[in-house]
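Visitor: Give me the fold of what follows.
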Amino acid sequence: MKIPVELVAVVVSAMGTYIITKRNTLSETKRLILTSQIDNIFVPLSKFFKYKDRHSQISVADAKDLNTLLSHIIADNYKYITTDLFELANELQVHLNENNYDRIKCIYNEINIYVSNTFEALKHTLSLPTSSIKTRWSLMKQKDKVTYILETFVLPIFFLALIAYFIGFVTYLISTRLFHNTIGTETFSSIAISSISLAALIMSVLYSLNK
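Guide: This next block holds a predicted model:
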């Protein structure tokens, strides 16, 4: 008697499909929130910076214009404002009141970078066209670059390998306990392939849950 590895794969696949479908249905509210953030917060700010970036030098007048725009956006969309943007807007207001040009310029640039990175991240989440990573790389902070590399390459490969190994190892232990002998090469290959497939499915489910 052979362990029905294929049956296990089918069952897990069915469960994964159910979870993903249910999650996508429940995330419609979140999708509407992200769409509102894009349309009402990050599109106006992105347009502002795209126009202002034509100038070679940041002026106090530019910072005041940004402060005015941020004030209107925050007032009209308060519940959709991210904590980071709210804090950056407050910092800009403080340094404008202090007339500290160096800090004004620094915060202005920080807001520009934050808006650019967050706008691209939101578009990616909603499957909208995004700028290439090559274009965004120079604007990303060092920690954002490290995070991008980890999330895009290192962690998916690591967890895929870890899950595949775990599934294969547990299946191997179960088979040896049930039949009191070692499994053949053909069965082991089947387990390995099924483990990788299940691991890939689990990663897909986890990715969906994080959206």
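
Visitor: give the contact list for the nearest residue to S46 once chain neighbours are set aside.
Guide: Excluding its sequence neighbours, the residue lying closest to S46 (CB to CB, 6 or more residues apart in numbering) is F119, at 5.4 Å. Using the backbone N, CA and C atoms, a C-beta is placed for each residue, glycine as well. By CB atoms under 8 Å, 6 or more residues apart in numbering, the contact set of F119 is I38, F42, V43, L45, S46.

Visitor: If we use 10 Å, what do you get?
Guide: Q37, I38, I41, F42, V43, L45, S46, F49, L128, T130, S131, R136 (CB atoms under 10 Å, 6 or more residues apart in numbering).

Visitor: how far away is the third one from Q57?
Guide: Read that as I41. 26 Å (CB to CB, to the nearest Å).

Visitor: Tell me which of those two has more neighbours.
Guide: A side-by-side neighbour count of I41 and Q57, using other CB atoms under 10 Å, places I41 first with 23 against 6.

Visitor: What mean pLDDT does the helix or strand where N90 lies get?
Guide: If you go by DSSP states H and E, N90 is part of helix 83-98. Across helix 83-98, pLDDT averages out at 96.

Visitor: Following the chain past that helix, name the next helix or strand.
Guide: Following helix 83-98 toward the C-terminus (DSSP H and E): helix 101-125.

Visitor: Next, the buried residues of that next one.
Guide: With burial defined by 16 or more other CB atoms under 10 Å, the residues of helix 101-125 counted as buried are 104-105, 107-108, 111-120, 122-123.

Visitor: same question, stretch 31-40
Guide: Buried, per 16+ other CB under 10 Å, within stretch 31-40: L34, Q37, I38.

Visitor: circling back to that earlier point, what's the spacing between the residue nearest to S46 and Q37?
Guide: Taking CB to CB, one finds F119 at 9 Å from Q37.

Visitor: Domain ranges for this protein, per the record?
Guide: 27-138, 149-209 (automatic domain parsing).

Visitor: Which neighbouring elements make contact with the host helix or strand of Y51?
Guide: Secondary structure from DSSP H and E places Y51 in helix 43-52. Judged by 3 or more CB pairs under 10 Å, 6 or more residues apart in numbering; DSSP states H and E, the packing partners of helix 43-52 are helix 60-76, helix 101-125.

Visitor: can you rerun that using 6 Å?
Guide: helix 101-125 (3 or more CB pairs under 6 Å, 6 or more residues apart in numbering; DSSP states H and E).

Visitor: now the angle between helix 60-76 and the helix it packs on, please.
Guide: Following axes from the mean of the first three to the mean of the last three CA atoms, to 10 degrees, one obtains 50 degrees for the angle between helix 101-125 and helix 60-76.

Visitor: sorry, back to before: can you tell me which of the buried residues of helix 101-125 is nearest S27?
Guide: In terms of CB to CB, no member of these lies closer to S27 than L122, at 13.9 Å.
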